[in-house]
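**Q** Build me a model:
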Amino acid sequence: MLCVSCEQYFSTIDRNKYIRKRHARSRNYVSESDVYKLESVPLDFGDYHPLKPITVTESKTKKMSRKGSTSSTSSSSSSSMMDPLSSVLDGTDPLSLFAAAADPLTATASMDGIRKKRDKDDNSAVGSDFEQWSSKRSEILSRYTTTEKLSINLYMGSEKGKTTTSGSAVSEKVRTRLEELDDLEEGSQKELLNLTQQDYMNRIEELNQSLKDAWSSDQKVKALKIVIQCSKLLSDTTVIQFYPSKFVLITDILDTFGKLVYERILSMCMDNRVSLSDNFSPETVNDTAKETCLNWFFKIASIRELIPRFYVEAAILKCNKFLSKTGILECLPRLTSVIRGIGDPLVAVYARAYLCRVGMEVAPQLKESLNKNFFDFLLTFKQIHGDTVQNQLVVQCVEIPLYLTLYSPAIDWILQCIAYRAPEVLLTEMMERCKKLGNNALLLNSVMSAFRAEFIAARSMDFIGMIKECDESGFPKHLLFRSLGLNLALADPPENDHLQILNEAWKVITKLKNPQDYINCAEVWVEYTCRHFTKREVNTVLADVIKHMTPDRAFEDAYPQLQSIIQKVITYINDFSLLFSVEKFLPFLDMFQKESVRVEVCKCIMESFIKHQQESTKDPVILNALLHICKTMHDSVNALTLEDEKRLLAALINGFIKMVSFGRDFEQQLSFYVEARSMFCNLEPVLVQLIHSVNQLAMETRKVMRGNHSRKTAAFVRACVAFCFITIPSLSSIFTRLNLYLHSGQVALANQCLSQADAFFKAAVSLVPEVPKMISVDGKMRPSDAFLLEFLCNFFSTLLVVPDHPEQGVLFLVRGLLNVIQDYTWEDNSDDKVRIYTNVLHLLSAMTQETYIYHVDKVDSNDTLYGGDSKFLAEISKLCETVIAQILDHLKTLGKEETLKRQSQLALCFFNTILAHGDLRNNKLNQLSVNLWNLAQKHGFADTKTMVKTLEYIKRRSKQPDMSHFTDLALRLPLQSRT
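**A** A predicted model of the protein is given here:
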């Protein structure tokens, strides 16, 4: 129930008397603009500019502060402050170090940052231009796979020597550990057979985890056993095609072991919790750490088998730094010589690759051992064609070309290490040594893969000559040409050799019968062709690809390579008029028969067009081709297409539409939009863009005619308006339709199409009742009231300048909209209806002015049509009565205790509306404003600061000319406290 006092507030209003007088105050918009505009002040910027980057300087001056003071101890203009304690202590906190003395785990953790920094420094000798082994790992694992069954020996553990008494002698402890090592030969292993490749990889990962667990639980001997056992697996070549992947998996474990040992010894070097410097010398290492380091090398030296002994020692090669300055320098040649004892050439070359990898990590400056490894490999290269290897390949049914590819990762890595920052003389020597070997295709391929692209490109014709001399049976020539093409994609050969290089390569490529071999090579050489030749040569290459890939639909197995070719062509040919003049380009696109791949290619082309097309175009070749491509993307949309995919496709098509311009040929432009509408009807954002584009076209026509349409241009503008009016109803989003009706109506009004503008506005009014209570926004359901309120406010602003129809009643659009708002079902806890009515009062107040605040050029608004007629003003007053009655009725409904806060806010909002737009010399209106002021404060929900500022504003207004009545009003507006 509404309280008695509130009833009194509302009963003081005699509505009939109130509306008989004009209640909207007269406004002189020009003078108000002059009074309230900001005063311009000349500024001398000097060197300052708001877009210049700000230079921040930090003051070095420090001042002492009193104890307990909260002031800063240093002045700085920087927002981030340095901690003075950290700078003094150089990052070491003595309290933390003292606490760590009692906790070995803390001590280990405190080493992490130091280790990371040292590891970074160790690798600093190898620059970022050196491709790390980790980047090759995944490629090797994915390339060298097998379907055959694999076997593995798993360490099962031993119970020997696990329980010892505290009084055990040192010799007993040593004897026990040696016995544990001997367990490897005493049946403590279990062989697992018939493992798939994935099972094998899982077992290796289990061993890696077991190594870490054993180390963390201080079972160092067990950890060593696991590493030895894993190293032994590298001597097994029973499934030879899987060997490169096995090497990657096993060396991961070796790397883990080497890191654990190094960090263990490093942690023992801390003296009084101070770690070694980054470039420590062996003299600074304490005896305990040295003894432990030697102990590890002695343990490894006792391993009986060559391969595990070599790999484990290579894994901890870095630990030689603790013993002597020349330790690594002495070990690398010795380990290089040890590899000569490995009989299997495949096992030996991977052992050399691992030694080169470790050598590059710990001593990249020692190039001699790298060269020695490569030269040793060259001396044993003939073993590949020996009886032992050939018999092994026969047993495993492996062809020699496949077997040779197994060497590639190892040789590529060795040569990469050698070629890194190597002088031209050395690279030339390597090339000459390869020439001396018969059937040197494998080495030649590795040279082209490992050496710098500039080195290869400068000697392209020499390499082509070497490729011609290679034996086709051992290593396919097309792979060599592919490797050469990869280098030429990165570096340019001598300009005089461009054409000869292409001819020599393409002679070999075009003769390939296997479509997969052909496309793998052609894909690489297309880039070379695009870089150095014209569209004629590009067209020839594309024609040759079509010729090879069309028979038996071979293109279906080569979509990735064909996509790559398209990508390279559009990367180098950015002029789309030139691109589409390449005769075979569109036929090349026809090979993409699979819809998903075809759409991806079309998206790629459209992205390139939007990125590189700087100016709008009307080229019929470009338009027809891109319309076909956009149509392909559009037709791929179905009920299962994701919304994100639809948005992406629509954005690409819209980007194309925006780039089409026929200049002053507006009729041709409209015809293009009509055709586009028929082609892209399933993508709503495209239809929205077309409507905006047509509206823009109508406004450009108006601009050209300077608002004075001829009979022809008037008919054309009406055609544009008709396009929009027909297209908008096909959209599903109701707020998109509402906004487009409003926007298109504004365009029609600007072009003096009054009846068409009325049709748009009527359609918008009739659509308002269909607005649902909840709408989807970014995938979430949200109330629609706020969106409807925003639209209606924009609509009211437009209705001010819309002239009344001669056959309709006064303000027929405003009345119709008010009826719709009245009948609309609003949320019970929403005040949006009253906020809309408040905005209607703003509109009606503006309509009573002799001259409106804004107009549409060459369109007479109601201020001109009615000329301040008393009947017109009376109609506005009646509408005001209706609106005010609705607002007051709503305020009455908010008299309950739980809605008093809303009542206070709305009362103050209504008060501000009257204050801004009402003529307060009207006694009834004046009294209404006082009642609303009191109602806003009645129950203590009004914000005191807001009320005070409002009252101050009224007092300032009272000092202006013709505003003396505000003085009396201010005296009648008391400020009430919350209490």
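
**Q** can we go C-alpha only for contacts and neighbour counts from here?
**A** Fine.

**Q** for the stretch 451-600 of the chain, which spans come out with low pLDDT?
**A** For the stretch 451-600 of the chain, applying pLDDT under 70 flags the ranges 472-474.

**Q** got the residue ranges for the helices in it?
**A** All helices of the stretch 451-600 of the chain, identified by DSSP state H, counting those that start in this stretch, fall at 453-458, 460-469, 477-488, 498-509, 515-532, 535-549, 559-572, 576-579, 585-589, 595-612.

**Q** Can you spell out which helices and strands pack onto the helix or strand just after the last one?
**A** Read that as helix 595-612. Next in sequence after helix 595-612, counting helices and strands by DSSP states H and E, comes helix 620-635. For helix 620-635, the packing partners by 3 or more Cα pairs under 8 Å, 6 or more residues apart in numbering; DSSP states H and E come out as helix 576-579, helix 595-612, helix 643-658.

**Q** could I get these as a markdown table with distance to residue 567 and mean neighbour count?
**A** What follows is the helices and strands packed on helix 620-635, written out as a markdown table (distance: least, Cα to Cα, whole Å; neighbours: other Cα atoms under 10 Å):
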| stretch | distance to residue 567 | mean neighbour count |
| --- | --- | --- |
| helix 576-579 | 12 | 17 |
| helix 595-612 | 7 | 17 |
| helix 643-658 | 17 | 18 |
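
**Q** so which of those comes closest to residue 279?
**A** Residue 279 lies closest to helix 595-612 among those, at 50.3 Å (Cα to Cα).

**Q** elements contacting that closest one?
**A** In terms of contacts (3+ Cα pairs under 8 Å, 6+ apart), helix 595-612 is packed against helix 559-572, helix 620-635, helix 643-658.

**Q** Export those to JSON lines and append columns for distance to residue 508.
**A** Shown next, in JSON lines, are the helices and strands packed on helix 595-612 (distance: least, Cα to Cα, whole Å):
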{"stretch": "helix 559-572", "distance to residue 508": "19"}
{"stretch": "helix 620-635", "distance to residue 508": "34"}
{"stretch": "helix 643-658", "distance to residue 508": "40"}
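
**Q** among these, which is nearest residue 547?
**A** It is, among the helices and strands packed on helix 595-612 and with distance given as Cα to Cα, helix 559-572, at 13.2 Å.

**Q** and that closest one, which residues are buried?
**A** Buried residues in helix 559-572, defined by neighbour count with 16 or more other Cα atoms under 10 Å: 559, 561, 562, 563, 565, 566, 567, 568, 569, 570.

**Q** export those residues to a markdown table and tack on distance to residue 126?
**A** What follows is those, written out as a markdown table (distance: Cα to Cα, whole Å):
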| residue | distance to residue 126 |
| --- | --- |
| 559 | 38 |
| 561 | 34 |
| 562 | 37 |
| 563 | 36 |
| 565 | 34 |
| 566 | 36 |
| 567 | 33 |
| 568 | 32 |
| 569 | 35 |
| 570 | 36 |
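
**Q** Out of those, which comes closest to residue 303?
**A** residue 561 (49.3 Å).

**Q** residues touching the closest one, list them.
**A** Each residue near residue 561 by Cα atoms under 8 Å, 6 or more residues apart in numbering is listed here: 519, 520, 523.

**Q** Skipping adjacent residues, who's closest to the second one in space?
**A** What that stands for is residue 520. Counting by Cα to Cα, 6 or more residues apart in numbering, the nearest residue to residue 520 once its immediate chain neighbours are dropped is residue 561, at 6.8 Å.

**Q** Look up how far residue 436 lies from residue 483.
**A** Going from residue 483 to residue 436 by Cα to Cα, to the nearest Å gives 21 Å.

**Q** pretty sure residue 576 is touching residue 609, no?
**A** Yes - in this structure, residue 576 is within contact of residue 609 by Cα atoms under 8 Å, at 7.3 Å.

**Q** hmm, back to that, please report how far the residue nearest to residue 520 lies from residue 537.
**A** Distance of residue 561 to residue 537, computed by Cα to Cα: 19 Å.
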